[in-house]
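In: Turn this into a structure:
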Amino acid sequence: MGERTTPYLAAHQFTLKLLPELLRWEMRYALQQMDQWTRVLEPHWVRGITRDLTDARTLLDDTNTARLNKPHQAAVRTLNNLTSAIHTGYALFTGATPADEDVIDLRVLGLRHAASGKRRQYPGTVDLRLIPQLWLRHALRHWVTTARPSTEDFKRTLRAARIASTALASQTDAGHDPAALTFTDASAVVDAFSTALRKDGTPYSSSHRRTLNGMFFQPIDYGRRTGSLDELAGPFTRVPAEHAIRIEEQDEDMLGKAIPEPVIRQLDTLGTGPTYGCRDIADDARHLLYRTLYTVLRDTGRRPLGSRLPPARLPADPPRPDHADLEQPQTQTPPTPPADHPGHHPGNPCLAGPP
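Out: Next up, the predicted model:
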């Protein structure tokens, strides 16, 4: 059997024998790293990839996807995982570290889920170049590569950092010089968290805004403790007495009566679809009619069919008869037996027998 001859392979096997020597070593290393990421390593997809990459030179070539004869989604995903692993290994071989990169692969860093504690299995890259302040990028990179927070905590911290970056951009020097930051800049960041909005434009809850406030200062405090943010000005810090976001008290009675947002969106479409009757009314007028009916019913508390029921009343007590013979007899005390009666016990009345 020649060196380039394909051996017999079962369904759960694959071979690297057909690959060039450099690509063979790259595949071995990438498969070792990929085995730590994925839940299941599928041999049949690896077997197909190795068959299609016999003419390739290295996994560092990002155009290897075009070499696949059957670009199935699972095959492309497997090849991307192998390519990501070899790119990371090459960066480590040349002396680069994840802390020097602006595009971070959360799976390569080994971040874990907060609930299960298991290592992240799906790929996910974060582009820190969306944050213009270089010192803030460095603080995030140092925190995520050293402290290794959970995936959920890093996502919230990244969201908080982007809100703070936007707030600092409107300050003096746009927040680029860490040594020139002041207490006023820190207050502007906290004010931005106090009015933070979701991506759809709705405000965050007060508890979530408070969480974002704490998440932003967490990598900053970590960098100061580890000495990686020595150039950051001292006045740029959070003072709990002045930078606290108050939790809004919720009216539990009104909270139970509130209509959920999906239901409100459905109610806003009343009269826009096909309806029975009202054929001679324009669409916009019919929609306004239904909205008006709903508003009246909502604000007045009236029912769409019928009126309110009368309040329930308890029946009155029946009149008591005046006849003396219908009255309940009163309980009479039994007479005391005479002294010469055998059941008489003057010392212990409880032992007295029947008369």
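
In: buried set for stretch 72-84?
Out: 75, 78, 79, 81, 82, 83, 84 (16 or more other CB atoms under 10 Å). Where you see a C-beta, it was placed from the backbone N, CA and C, and this is true even at glycine.

In: Could I get the buried residue list for stretch 201-219?
Out: 204, 208, 209, 210, 211, 212, 213, 215, 216, 217, 218, 219.

In: Among those, which one sits closest to residue 89?
Out: Residue 89 lies nearest to residue 219 out of the buried residues of stretch 201-219, by CB to CB, at 26.9 Å.

In: Give me the helices and strands touching the host helix or strand of the closest one, please.
Out: In the assignment (DSSP states H and E), residue 219 maps to helix 206-226. If contacts are counted by 3 or more CB pairs under 8 Å, 6 or more residues apart in numbering; DSSP states H and E, helix 206-226 sits against helix 134-146, helix 151-169, helix 183-194.

In: Touching the second one from outside, list them.
Out: Contacts with helix 151-169, where a contact means CB atoms under 8 Å, 6 or more residues apart in numbering, come from 106, 111-114, 120, 124, 126, 130-133, 136, 140, 143-144, 149, 174-175, 181, 185, 188-189, 191-193, 196, 211-213, 215-216, 218-219.

In: before we move on, back to that, with pLDDT and distance to residue 56 added, can I get the buried residues of stretch 72-84 in CSV?
Out: Shown next, in CSV, are the buried residues of stretch 72-84 (pLDDT from 0 to 100; distance: CB to CB, whole Å):
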residue, pLDDT, distance to residue 56
75, 84, 14
78, 84, 15
79, 86, 10
81, 82, 16
82, 86, 11
83, 85, 11
84, 82, 16
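
In: Are any of the contacts of helix 151-169 buried, and if so which?
Out: For these, a burial check counting by 16+ other CB under 10 Å picks out 106, 111-112, 120, 126, 131, 133, 136, 140, 143-144, 149, 175, 181, 185, 188-189, 192-193, 196, 211-213, 215-216, 218-219.

In: picking that back up, average model confidence for the helix holding residue 219?
Out: What helix 206-226 shows for mean pLDDT is 91.

In: Kindly report the same for stretch 36-52.
Out: 81.

In: my read: residue 206 touches residue 245, true?
Out: Yes - counting by CB atoms under 8 Å, residue 206 touches residue 245, with 6.5 Å between them.

In: Which helix or strand in this protein has the lowest average pLDDT?
Out: helix 252-257 (a mean of 56; mean pLDDT, DSSP states H and E).

In: next helix or strand past that one?
Out: helix 261-267.

In: Show me what secondary structure element comes after that following helix.
Out: Next element after helix 261-267 (DSSP H and E): helix 283-300.

In: Flag every buried residue along that following helix.
Out: Neighbour-count burial for helix 283-300 [16+ other CB under 10 Å]: 286, 287, 290, 291.

In: would JSON lines of these with pLDDT and distance to residue 23 be doable?
Out: Below are these laid out as JSON lines (pLDDT from 0 to 100; distance: CB to CB, whole Å):
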{"residue": "286", "pLDDT": "80", "distance to residue 23": "68"}
{"residue": "287", "pLDDT": "79", "distance to residue 23": "64"}
{"residue": "290", "pLDDT": "81", "distance to residue 23": "67"}
{"residue": "291", "pLDDT": "81", "distance to residue 23": "66"}
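
In: how much space is there between residue 120 and residue 236?
Out: Using CB to CB, to the nearest Å, we find residue 120 at a distance of 32 Å from residue 236.

In: should've said residue 61
Out: 45 Å.

In: how about residue 229, what does it touch?
Out: Residue 229 touches 135, 138, 139, 178, 220, 223, counting by CB under 8 Å, 6+ apart.

In: element containing it?
Out: Using DSSP H and E, no helix or strand contains residue 229.

In: cool, and residue 27?
Out: Short version, using DSSP H and E: residue 27 is in helix 21-37.
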